[in-house]
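**Q** When you get a sec, could you give me coordinates for this:
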Amino acid sequence: MIRNLTQKTIISSKYSLKRGFGKVIGLLGKNEADTIVFETRFGIHTLFLQFPIDLIILDDKRVVRLAKTVQPNRIVFWDIRFKTVIELPAGTLKKTHTKTGDFISM
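**A** Residues are numbered from 1 along each chain as shown. Alright, predicted model coming up:
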């Protein structure tokens, strides 16, 4: 379960942790978004996705960047100091009131 400790909301009741080849594939080939968590250093792409997603970038457990409703065929970059990424169904950030500076528990 992923919780926003600051807002006292549940971001996702279940998620999968991706490593190696699993993080390369991510949500590709899916018909709808699942919640996935993985580590990467500079950005992600939504090339070939069929749906928009929300992103949370973490520094340890603190939210340092959000990207709401990232449409297919986009690239999102961030500071290479931050490596933990949570990909979520679009609209999750708005629904859970997640903001930069919030603390997340997984």
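**Q** Tell me the secondary structure at Arg81.
**A** coil (DSSP: H, G, I helix; E, B strand; the rest coil).
**Q** swap in Lys95?
**A** Classification of Lys95 by three-state DSSP places it in helix.
**Q** burial count for it?
**A** Lys95 has 12 neighbouring residues, counting by other C-beta atoms under 10 Å. For every residue, glycine as well, the C-beta is placed using N, CA and C.
**Q** any idea how far it lies from Val76?
**A** Plainly put, Lys95 is 20 Å away from Val76 if you go by C-beta to C-beta, to the nearest Å.
**Q** Report pLDDT for the nearest residue to Ser16 once chain neighbours are set aside.
**A** Leaving aside its chain neighbours, Ser16 sits nearest to Ile36 (5.3 Å; criterion: C-beta to C-beta, 6 or more residues apart in numbering). Looking at Ile36, its pLDDT is 91.
**Q** Settle this for me: Ile36 is touching Glu87, isn't it.
**A** Yes - the criterion here is C-beta atoms under 8 Å, and Ile36 meets it with Glu87 at 5.0 Å.
**Q** Helix or strand: which one has Asp54?
**A** strand 53-59 (DSSP states H and E).
**Q** next SSE after that strand?
**A** Note on strand 53-59: by DSSP H and E, the next helix or strand toward the C-terminus is strand 62-70.
**Q** That next one - contacts with which helices or strands?
**A** Applying 3 or more C-beta pairs under 8 Å, 6 or more residues apart in numbering; DSSP states H and E, one finds that strand 62-70 contacts strand 53-59, helix 92-96.
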